[in-house]
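**Student:** would you be able to build a 3D model of this:
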Amino acid sequence: QLALFSGGCRYHFIATNLKVEAEGVVWRYNERAKIERVIKQLKSGFEMDYMPTGEFGVSNSWFALGVLA
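**Tutor:** As a prediction, the model looks like this:
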């Protein structure tokens, strides 16, 4: 069965309930992936890999202060 996946092709699937064309779904998915990379760069560039608490509001404020700094 592994011979099925030995080729150089990679397949990706996006499951959604959006009522848009396939190109629109891929575009939205790629845009979301871009912002996740930006957030990751912000976190690692300003030593904000770990938030001081598990509460969303406090972590949100901590992150905003780190970005402003």
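**Student:** measure E36 to K19 for me?
**Tutor:** To K19, E36 is 24 Å away according to C-beta to C-beta, to the nearest Å. All C-beta atoms are positioned from the backbone trio N, CA, C, and that covers glycine.
**Student:** who's more crowded, the two?
**Tutor:** Applying other C-beta atoms under 10 Å to E36 and K19 shows that E36 carries more neighbours, namely 10 against 6.
**Student:** need the three-state assignment for the more buried one.
**Tutor:** helix (DSSP: H, G, I helix; E, B strand; the rest coil).
**Student:** likewise for the one 4 residues further on?
**Tutor:** In three-state terms, and counting by three-state DSSP, K40 is helix.
**Student:** run a quick neighbour tally on it.
**Tutor:** K40 has 11 neighbours, counted by other C-beta under 10 Å.
**Student:** let me know the pLDDT of it.
**Tutor:** We have a pLDDT of 83 for K40.
**Student:** good, we can wrap up now.
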